[in-house]
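Q: pasting the sequence and the predicted model now:
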Amino acid sequence: MAKFTNLDKAKAKLLSKSPFFATLLFGTPLIENPGIPTAATDGKRIMYNPEFIGSLSVDLVQFVLAHEIGHMIYEHVPRRQSRNPRLWNIAGDYVINGLLRDDGFEIWEHALVDKKYDGMSTEQVYRLLQDEQDKKGKPLVFLTIGN
């Protein structure tokens, strides 16, 4: 009998939870990459660390997959342009995670979520984060899924 991984189970469960995200996910290549800490996207595929994914509950794997699909939906890779890549990713994380929270996804404990960014675009969040960073005079420190 076949043994299903948390990734397999999350993909199947996502079909009933969110057919929208599931449809996009099933057309996206998923690439194992033990060289990254968590998961990431280049806008065309999702890379993931199998140990990280294996350490999560099925519901949290759904969140991670939907989160990376969110970066693809919002076209965060091509829209970044000359902006600071790390700060742009953080801004995108706030936008995506707020959407997923509101959609009833279980949110990873280290995910960046803040209601003050609800309804904002990634550009708007980026500007606010950049202003905050400039006021502090040093880079902001965050743990993000794509770290």
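A: Looks like it came in fine.
Q: strands of the protein, start to end?
A: For the chain, strands defined by DSSP state E occupy the ranges 30-32, 39-41, 46-48.
Q: and the second one, which strands flank it?
A: Which is strand 39-41. Sheet pairing here is set by DSSP bridges, and for strand 39-41 it gives strand 46-48 (antiparallel).
Q: what mean pLDDT does the strand it pairs with get?
A: Strand 46-48 carries an average pLDDT of 97.
Q: now that strand, how far from the centre of its chain.
A: On the basis of CA atoms, centre = their mean, to the nearest Å, strand 46-48 sits 11 Å off its chain's mean C-alpha point.
Q: ok, and what's touching that strand?
A: Residues outside strand 46-48 that contact it (CB atoms under 8 Å, 6 or more residues apart in numbering) are 7, 28-33, 36, 38-41, 64-65, 68-69. Heads up, the C-betas are built off the backbone N, CA and C, glycines and all.
Q: got a quick ChimeraX command for the buried subset of these?
A: To isolate the buried subset of the contacts of strand 46-48 in ChimeraX, counting by 16 or more other CB atoms under 10 Å, use the following:
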select :7,30,38,39,40,41,64,65,68,69
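Q: picking that back up, let me have the strands of the chain in TSV, extended by distance to Gln81.
A: As requested, the strands of the chain are exported to TSV (distance: least, CB to CB, whole Å):
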stretch	distance to Gln81
strand 30-32	25
strand 39-41	17
strand 46-48	22
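Q: pLDDT (mean, whole number) over stretch 133-147?
A: 64.
Q: what of stretch 81-101?
A: Stretch 81-101 shows a mean pLDDT of 94.
Q: sorry, back to before: of all the strands of the chain, which one is nearest Asp114?
A: Across the strands of the chain, Asp114 has its closest neighbour in strand 39-41 (20.8 Å, CB to CB).
Q: now that closest one, how far from the centre of its chain.
A: Counting by CA atoms, centre = their mean, strand 39-41 comes out at 7 Å from the chain centroid.
Q: residues in contact with Leu65?
A: Leu65 neighbours (CB under 8 Å, 6+ apart): Ala10, Lys11, Leu14, Phe21, Leu25, Ala39, Ile46.
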